[in-house]
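In: Give me coordinates for this.
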Amino acid sequence: MARNAPKARNARYRPFRALALGAYLVVVLTFSALVIVSVVRSVLVMTPRKPLNVAERLDAKECAVRAQELYEQLETRRQGLSALQPAAEASLKWTSFRVEWLNGLRQAEASCSEDTLQRDVFSRLETLENLYTTSAVQYSGEMGPAVDSFRRALSRLRADGG
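Out: Next up is the predicted model:
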C-alpha cells in the first residue's frame, strides 16, 4: 500500500458527517439570509422614494429657489462636520441628516420635474449629496480619530499650561 494514500473513511460515521454538514449549512445559510435581509432593509430606509401624488406643481422660479435652499442646507451641514465632537461620529450625524434631506429633495423633485432642465438640477444636487456622503464617511473614519486625538492633546496642553 502506498504511504501517501488517503485513509478510507469509516462508514459507521457517515450519518454523523451528513448531520454535521447539514447543521453547518443551516447555520451558514441562516446567517447569510439574516445579513442580506438587514442590508436590504437598511438600503430601503436610507433611500426614500419620490411621492406619487403631488399637491401642487411649482414653476421654474420656485423650483430654482427650492433647489438653492436644499443646496444651502447641504453645504451648511457639510461645513459643520469639522465642528462635530467627537469627529469620529460625523458619519452617524450625516446619515440621519441625509435621510431627512433626501425626503425634502424627493418632495421638491416631484413638484418640479416637468422639464429636462429641472430634472437635471435635482439630479446634480443628488450627485452632490452622494459625494458629500462619501466625504463625511471618509472624514469620520480616517480623519475623525486623528482630529479627536489632536483635540484631546490640545485640551491637556491647555490644562497643563494654564
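
In: Closest to the centroid, which residue in the chain?
Out: In the chain, the centroid-proximal residue (Cα atoms, centre = their mean) is residue 95; its distance is 6.3 Å.

In: what helix or strand does it sit in?
Out: Using DSSP states H and E, residue 95 sits in helix 90-112.

In: Residue 114 now?
Out: Here residue 114 is assigned to no helix or strand, by DSSP H and E.

In: Count the residues that sit near it.
Out: 13 (other Cβ atoms under 10 Å). Backbone N, C-alpha and C define where each C-beta goes, glycine included.

In: Touching, it and residue 57? I think so.
Out: Yes - between residue 114 and residue 57 there is a contact at 6.6 Å, judged by Cβ atoms under 8 Å.

In: re earlier: show me what the helix holding residue 95 is packed against.
Out: helix 14-46, helix 60-80, helix 116-138 (3 or more Cβ pairs under 8 Å, 6 or more residues apart in numbering; DSSP states H and E).

In: Including mean neighbour count, mean pLDDT and distance to residue 99, could these go into a markdown table?
Out: As requested, the helices and strands packed on helix 90-112 are arranged in a markdown table below (neighbours: other Cβ atoms under 10 Å; pLDDT from 0 to 100; distance: least, Cβ to Cβ, whole Å):
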| stretch | mean neighbour count | mean pLDDT | distance to residue 99 |
| --- | --- | --- | --- |
| helix 14-46 | 10 | 93 | 6 |
| helix 60-80 | 15 | 91 | 13 |
| helix 116-138 | 15 | 88 | 11 |
